[in-house]
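Student: I would like to see how this sequence folds:
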Amino acid sequence: MRKYILIILGFLLIAGATFIAYYFIQNKNKPKPTFEKVIKSVFVDTVANKEIPIIITTSGNLQAKNKIELFSEVQGLLQQSSTEFKAGTSYRAGQTLLSINSDEFYASLQAQKSNLYNLITAIMPDIRLDFPDQFQKWETYLNSFDLSKTTPKLPESSSDKEKYFISGRGINTSYYNVKNLEVKLSKYNIRAPFSGILTEALVTPGSLVRAGQKLGEFIDPRVYELEVAINATYANLLKVGNKVALHNLERTASYTGQVIRVNGKVDQASQTIKVFIQVADEDLKEGMYLEADLVARAEPQAIEIPRKLLVDNKGIYVVRDSILELFPVTPVYFGAETAVIAGIPDQTVILSQPVLGAFSGMQITINKTN
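Tutor: This next block holds a predicted model:
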C-alpha cells in the first residue's frame, strides 16, 4: 500500500512541476506594458534686453526736520497765556509758547540794576576831576540808563588808567552780574523759534515748573525727513540729490522726496547704512509710515524676472528646440519679488512661469495661449 502512495505522490509532483514551468514560459513571452510619455506645456517669453533701473525698496517713519523738545531752565508757576499751551496749537515764529511767573526774579534784577546805577553815580565826581575828557560819555550813559529797559553796554575806556579806575570800583563786576540776570530773565518766556505746531504738552497753567523739566514738543509741520536703512552693498550707488518715490502702505498716495544725507557709518549688527530723505506735503504728518523706492542706478542691457524663476539663484531655464536647458546667470540685483539679470542674449526663449519638476533636458511644448 505504501508503495502505491509513493507512486501517486511522484506523479503529482511531476504534474505540478510541469504546470509551473508551462506558466512561466507563457508569461515570459508576453510583451512588456508601455506607458505614454507626458510632455508638459509651458509658458515662455522672449528676452529683449533694455535699461533696467535698480530700485531699492525700504520703509521708515516720518520725523519733522525742524523739531525741538521744550525744557525749562528756570523754576516757577506756569502762567495762563493768550494761546492755550495744548497739543495741536499752532504758533507763529517769535510768538510766546509759554510764560513762567518771574515777579520775584524780576525784583532781584531791578535791585542789581539799581546797584549798578548807584556805583556809576558815585564815581562821577572823581571822573570829573581825574578824567575830565571822559566825563561827558559817562554822563550820557547815566542819562540813557533806564531800569525798565535792557542795560546798555558800558562806555569804552580810553586809557589803561581809566580802565583800572572803573574796574577797581566794581562797576564791571556789577554790570556783568546784571547782564547775567537779564539773560536768565529771558528764559522765563519761551518763544517759538519758527512757525509750527505743538505736538506734545506736558504742563498746564498753574503747574509748578522745575528747572530741567520737559514741557512739551514743538515741530515745523511743513518739512519732514524719512530715515531708512539700506544694505551697505548699495551704499556707493546712493547719491545726495537723488529723487525718491514715496508712497503709503496702501499705495493710495504718492509723494516725491530727495536724498539729503547719507550716513558715513555702517551699522555693524545689520550691515546697513542710514539714508535721510526730505519730503514736503501738507497731507503728511509726523510718525506716518512710508515706503521709499530709491533708484540707485540703471543697469544697461538687462531684464527683470520673477525671483521664482531662478534655480538656486544662479540659473534659469531656457528653451532650445523644445528642450529645457539650464542657463547660468549672475543676478545684478535682488528685489522683494523680482531679480535683475544681465548677460542673457536677445531673442533667447525663457520660461515665464515655473514648471514643477523641471530639469535640464526635459522635453516640453510651448503654450501659445496669451
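Student: nearest spatial neighbour of P155, chain-adjacent residues omitted?
Tutor: Nearest non-adjacent residue to P155, counting by CB to CB, 6 or more residues apart in numbering: K137, 4.7 Å away. Quick note: C-beta positions are derived from backbone N, CA and C, even for glycine.
Student: now do the SS call for the one you found.
Tutor: helix (DSSP: H, G, I helix; E, B strand; the rest coil).
Student: that one and D45, how far apart?
Tutor: 91 Å (CB to CB, to the nearest Å).
Student: which residues touch N263?
Tutor: 273-276 (CB atoms under 8 Å, 6 or more residues apart in numbering).
Student: what do you get for N189?
Tutor: N189 touches 96, 98-100, counting by CB under 8 Å, 6+ apart.
Student: quick one: which of those sit in helices?
Tutor: The members of the contacts of N189 all map outside helices under DSSP state H.
Student: closest to K368 out of those?
Tutor: L98 (75.3 Å; CB to CB).
Student: what's around that closest one, how many residues?
Tutor: 23 (other CB atoms under 10 Å).
Student: just checking, it touches F218?
Tutor: No: between L98 and F218 there is no contact under CB atoms under 8 Å: 10.5 Å.
Student: follow-up on the earlier one: list buried residues within the contacts of N189.
Tutor: Listed as buried from the contacts of N189 are 98-100; burial here means 16 or more other CB atoms under 10 Å.
Student: could I get the average pLDDT for the helix or strand P300 falls within?
Tutor: Here P300 sits within strand 289-306, counting by DSSP states H and E. Computed over strand 289-306, the mean pLDDT rounds to 86.
Student: can you list the strands that that strand pairs with?
Tutor: strand 50-64 (antiparallel), strand 243-247 (antiparallel), strand 338-342 (antiparallel) (DSSP bridges).
Student: quick check: which of these is buried the most?
Tutor: Compared across the strands paired with strand 289-306, strand 338-342 shows the largest average neighbour count, a mean of 19 (mean count of other CB atoms under 10 Å).
Student: can you pull out the strands in the stretch 1-150 of the chain?
Tutor: Secondary structure of the stretch 1-150 of the chain (DSSP state E, counting those that start in this stretch): strands at 40-42, 44-46, 50-64, 67-71, 76-77, 90-91, 96-99.
Student: residue contacts, the most centrally placed residue in the chain?
Tutor: In the chain, the residue lying closest to the centroid (CA atoms, centre = their mean) is E227, at 1.4 Å. By CB under 8 Å, 6+ apart, the residues touching E227 are 60-61, 63, 274-277.
Student: format those residues as TSV; extra columns: distance to V262.
Tutor: Listed next are the contacts of E227 as TSV, based on distance: CB to CB, whole Å:
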residue	distance to V262
G60	14
N61	19
Q63	17
K274	8
V275	5
F276	8
I277	10
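Student: any idea how far L208 is from K214?
Tutor: 14 Å.
Student: right, I mislabeled it, should have said I364
Tutor: 69 Å.
Student: now E200
Tutor: According to CB to CB, E200 and K214 sit 9 Å apart.
Student: helices of the stretch 151-300 of the chain, start to end?
Tutor: Listed in chain order, the helices of the stretch 151-300 of the chain (DSSP state H, counting those that start in this stretch) span 160-168, 171-186.
Student: can you lay out the ones you listed as a markdown table showing distance to A269 and mean neighbour count?
Tutor: Formatted as a markdown table, these follow (distance: least, CB to CB, whole Å; neighbours: other CB atoms under 10 Å):
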| stretch | distance to A269 | mean neighbour count |
| --- | --- | --- |
| helix 160-168 | 59 | 14 |
| helix 171-186 | 44 | 15 |
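Student: got those helices as JSON lines, with mean pLDDT columns?
Tutor: Output for these, formatted as JSON lines (pLDDT from 0 to 100):
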{"stretch": "helix 160-168", "mean pLDDT": "90"}
{"stretch": "helix 171-186", "mean pLDDT": "94"}
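Student: break down the stretch 201-350 of the chain into its strands, ranges please.
Tutor: Using DSSP E, counting those that start in this stretch, the strands of the stretch 201-350 of the chain run over 208-209, 214-219, 224-231, 243-247, 254-266, 272-279, 289-306, 315-320, 323-328, 330-334, 338-342, 349-351.
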